[in-house]
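Q: okay, here's the prediction I keep looking at, along with the sequence it came from:
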Amino acid sequence: MDRVILHCDLNSFFASVELLDHPELRQQPVAVCGDPESRHGIILAKNEAAKKFKVQTAETVWQARKKCPELVLLPAHHEKYHHWSRVINSIYERYTDLVEPFSIDESWLDVTGSLHLFGLDGKALGDELRRVVREETGLTISVGVSFNKIFAKMGSDYKKPDATTLITRENFRELLWPLPVTDLIFVGRAAARTLGEYGVETIGDLARFDEGALTALLGKQGATLHSYATGAEHAPVIPARDMPPPKSVGSGLTFPRNLVGWEELHAGVALLADDVAVRLRRLDMKCATVSLAVRDPNFKDLSRQRRLENPTFLAREIDAAAMDLLKSCWNPRAPVRALTVTGQSLLPAAEAVEQLSLLSPDAAPRREKVEKLERAMDGIRGKFGKEAISTARTQGRSTKGKPIPPGPKREL
């Protein structure tokens, strides 16, 4: 018997959460951005009204306002988004104990074993979840229903907002195979470019391509993508409680314009390092290694990493390590399209032992004070929003040289 897997995706999540506090703006075009006062601020999310003006995620504020002069900009409040994410997942858990968060606004549900308790089929349960979420929270979700995780996710993307799409063994070729191959999860630019050279333009083309030839072209990824396209994927839904702790925490951003010079590059690194540090503290973990990935406008990537003297979840230490890596390998006159800062070799904060220095006996007390300070900043941001407080490292830079605050790589 086939499994019944649901994928639930909150619609325009960041913008929808902000509109809970601004119902008077619900019919107006609204976008959420990291810095509403900056022309160079990035659009993180937008509501349906803004989408009608072709406002896009990751474009700059001035580009968005050129399309939509009446666009209302609201600052991001990430702690609110985490709160509502927990609330929504608690609703899902009323229907099954197999709930796997995929991101802050997406989750898979395996309802195979609990469906009979509600007297509903998969599509009807998807409709029920949409109704309950809407009535209890004021937010909406789109739901995909299928026999595996990949097709369930594609179902939630198929029709938005506030819709349920059923993808079965009988209809998936008709619904999904005509779609561009880039609509398949984990098919990035590089893979799509390679596949395009062999005439693979749609998901159906990929499904009909010889699996062995795909493996020769793309390695293990080729076999994986073939299983996704043909419906052979059968990975289990793993609830959060059973997931292993993360091995790394990273934050990356493709900038709407290239960064050039140490000032712009350092501003970008500092913002990404701060994001990594906040997430590490939220997990109560420290990283013993910092890695940096740099991408130029020609999509050429360069990566470096270094071991730290002491494990850390401090933004200033992650920032310093990442900048040391950047200066060791990059010409500041060369343009940078994207940056990623990652904390690796994670361990629980309580187990992170600091190596004492005979030359700086007061280093440990100073570090403890800085840790308390950054945790206090987390508390202020949680109460008043991410923009309520920041460090000097991310302030006081020229608007021209200031890169875009790091945000999600996809629409939220």
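A: Yes, it's here.

Q: which residues touch stretch 176-191?
A: Contacts to stretch 176-191, defined as Cβ atoms under 8 Å, 6 or more residues apart in numbering, come from residues 150-151, 153-154, 157, 167, 192, 195, 200-207, 218, 221, 224-225, 228-229, 299. C-beta: built from backbone N, CA, C; applies to glycine.

Q: how about 6 Å then?
A: 154, 192, 195, 200, 202, 203, 204, 206, 228 (Cβ atoms under 6 Å, 6 or more residues apart in numbering).

Q: only alpha carbons, please: show that stretch as PDB.
A: Coordinates of each C-alpha in stretch 176-191 appear next as PDB, following Å, rounded to 0.1, in the frame of the first residue of the first chain:
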ATOM      1  CA  LEU A 176       5.000  17.200 -13.300                       C
ATOM      2  CA  TRP A 177       6.800  15.900 -16.400                       C
ATOM      3  CA  PRO A 178       6.100  19.000 -18.600                       C
ATOM      4  CA  LEU A 179       7.600  21.300 -15.900                       C
ATOM      5  CA  PRO A 180      11.100  22.800 -16.400                       C
ATOM      6  CA  VAL A 181      13.800  20.500 -14.900                       C
ATOM      7  CA  THR A 182      14.800  23.400 -12.600                       C
ATOM      8  CA  ASP A 183      11.400  22.900 -10.800                       C
ATOM      9  CA  LEU A 184      12.700  19.600  -9.400                       C
ATOM     10  CA  ILE A 185      14.200  20.000  -6.000                       C
ATOM     11  CA  PHE A 186      18.000  20.200  -5.800                       C
ATOM     12  CA  VAL A 187      18.500  20.800  -9.600                       C
ATOM     13  CA  GLY A 188      20.700  23.900  -9.400                       C
ATOM     14  CA  ARG A 189      22.200  26.100 -12.200                       C
ATOM     15  CA  ALA A 190      25.200  23.900 -12.700                       C
ATOM     16  CA  ALA A 191      23.300  20.700 -13.000                       C
END
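
Q: run the chain-centre distance for it.
A: Relative to its parent chain, stretch 176-191 has a centroid offset of 18 Å by Cα atoms, centre = their mean, to the nearest Å.

Q: which residues of the protein score low on pLDDT?
A: 34-40, 352-412 (pLDDT under 70).

Q: tell me where it has helices.
A: Under the criterion DSSP state H, helices of the chain are mapped to 13-20, 48-51, 61-67, 78-92, 122-137, 149-158, 172-176, 189-196, 203-208, 211-218, 220-230, 262-283, 315-329, 363-384.

Q: turn those helices into CSV, including distance to residue 42.
A: Putting these into CSV (distance: least, Cβ to Cβ, whole Å) gives the following:
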stretch, distance to residue 42
helix 13-20, 12
helix 48-51, 14
helix 61-67, 8
helix 78-92, 14
helix 122-137, 27
helix 149-158, 22
helix 172-176, 31
helix 189-196, 20
helix 203-208, 30
helix 211-218, 31
helix 220-230, 29
helix 262-283, 11
helix 315-329, 20
helix 363-384, 18
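
Q: contacting residues for residue 49?
A: Counting by Cβ under 6 Å, 6+ apart, the residues that residue 49 touches are residue 29.

Q: could you check how far it is from residue 30?
A: From residue 49 over to residue 30 the distance is 7 Å, taken as Cβ to Cβ, to the nearest Å.

Q: cool, and residue 218?
A: 40 Å.

Q: looking at those two, which is more packed in?
A: The neighbour count for residue 218 versus residue 30, taken as other Cβ atoms under 10 Å, is higher for residue 30 (24 against 18).

Q: so that one makes contact with residue 48?
A: No: applying Cβ atoms under 6 Å as the test, residue 30 and residue 48 come out as separate, 9.5 Å apart.

Q: so which of the contacts of stretch 176-191 is the most crowded?
A: Busiest of the contacts of stretch 176-191 [other Cβ under 10 Å] is residue 203, holding 26 neighbours.

Q: any idea how far residue 89 is from that residue?
A: Taken as Cβ to Cβ, the span from residue 203 to residue 89 is 29 Å.

Q: what is the neighbour count of the closest residue in space to residue 16 that isn't next to it in sequence?
A: Among residues not flanking residue 16 along the chain, residue 139 sits closest, at 5.2 Å (Cβ to Cβ, 6 or more residues apart in numbering). Neighbour count for residue 139, taken as other Cβ under 10 Å: 20.

Q: what's residue 139 in contact with, if anything?
A: 10, 16, 133.

Q: of these, which is the nearest to residue 106?
A: residue 10 (7.3 Å; Cβ to Cβ).

Q: residue 321 contacts residue 290, correct?
A: Yes: between residue 321 and residue 290 there is a contact under Cβ under 6 Å: 4.0 Å.

Q: tell me who's in contact with the residue nearest to residue 152 when sequence neighbours are not counted.
A: Counting by Cβ to Cβ, 6+ apart, residue 7 is the residue found nearest to residue 152 once chain neighbours are left out, at 3.8 Å. By Cβ under 6 Å, 6+ apart, the contact set of residue 7 is 108, 144, 152, 153, 156.
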